[in-house]
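# No sequence on hand, only this structure:
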């Protein structure tokens, strides 16, 4: 139930969050996760749907239940993005093409890689007319500022919360900060990640989540340090009693 309240409520209001928590109490966290996936798809929130679906255990029947809807979401999203990239490339709007490809890559890396390659072939019009520049432009790197880093990490909230729950089961009164130091390669893939703080198990668990993240390509290796707070159970209990999550 704590997993449903802490990781799955996301942008739901109090009534919706309580409904998810009640379902998790009755049927288990995966049931609430599947319900949230369905709601996210219906609400057009692809990022939330992908993040929560990734947190549902592979062997869960609830994952299998919403898998077709996720496949349809992916197909529709990628098809729309493919048309947008093709249109932008044809018009010489290279920044738009690359931004659309990066958005897809953050959700589905394989599809994003295909669109990124297409966007890289975009040729911006010359300043003297409509004749395209002969030399194709170099891929434009994306600066990984705090907002971008936080947004990408937030998509893994469910997986990080599972690390938190394992720590609480082992020692409900231990809290602190897990500091993750990781490196994002030129292509946006995390090449290394290590954690410290709280416990070796907690830091190792969170680091393993970070290794699976995919960021917009920065163009050069970028090292980042990011804190993940782990609250002890007694703090969770106080916030739960006051209606917070």
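Noted; the coordinates are in hand. Here the structure is a predicted model, which means the values were calculated and not measured. Residues are numbered from 1 along each chain as shown.
# which residues of the protein fall in strands?
176-184, 190-196, 222-230 (DSSP state E).
# of the ones you listed, which approaches residue 159 most closely?
Smallest distance to residue 159 across the strands of the chain (C-beta to C-beta): 11.2 Å, for strand 222-230. Every C-beta, even on glycine, is put in place using the N, C-alpha and C of the backbone.
# For the closest one, which residues meet the burial criterion?
Buried residues in strand 222-230, defined by neighbour count with 16 or more other C-beta atoms under 10 Å: 222, 224, 226, 228, 230.
# quick one on the thing from earlier: how about CSV for the strands of the chain, with mean pLDDT and distance to residue 97 added?
Shown next, in CSV, are the strands of the chain (pLDDT from 0 to 100; distance: least, C-beta to C-beta, whole Å):
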stretch, mean pLDDT, distance to residue 97
strand 176-184, 91, 22
strand 190-196, 89, 25
strand 222-230, 90, 23
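# my guess is residue 184 meets residue 193, correct?
No: the criterion here is C-beta atoms under 8 Å, and residue 184 misses it with residue 193 at 9.7 Å.
# Looking at the two, which one has more neighbours?
For residue 184 versus residue 193, the count of surrounding residues by other C-beta atoms under 10 Å is larger for residue 184: 26 against 20.
# and that one, what is it in contact with?
144, 190-191, 215, 218, 221-222, 224 (C-beta atoms under 8 Å, 6 or more residues apart in numbering).
# Check residue 109 too.
Counted by C-beta under 8 Å, 6+ apart, residue 109 has contacts residue 214.
# Roughly how far does residue 64 sit from residue 189?
29 Å (C-beta to C-beta, to the nearest Å).
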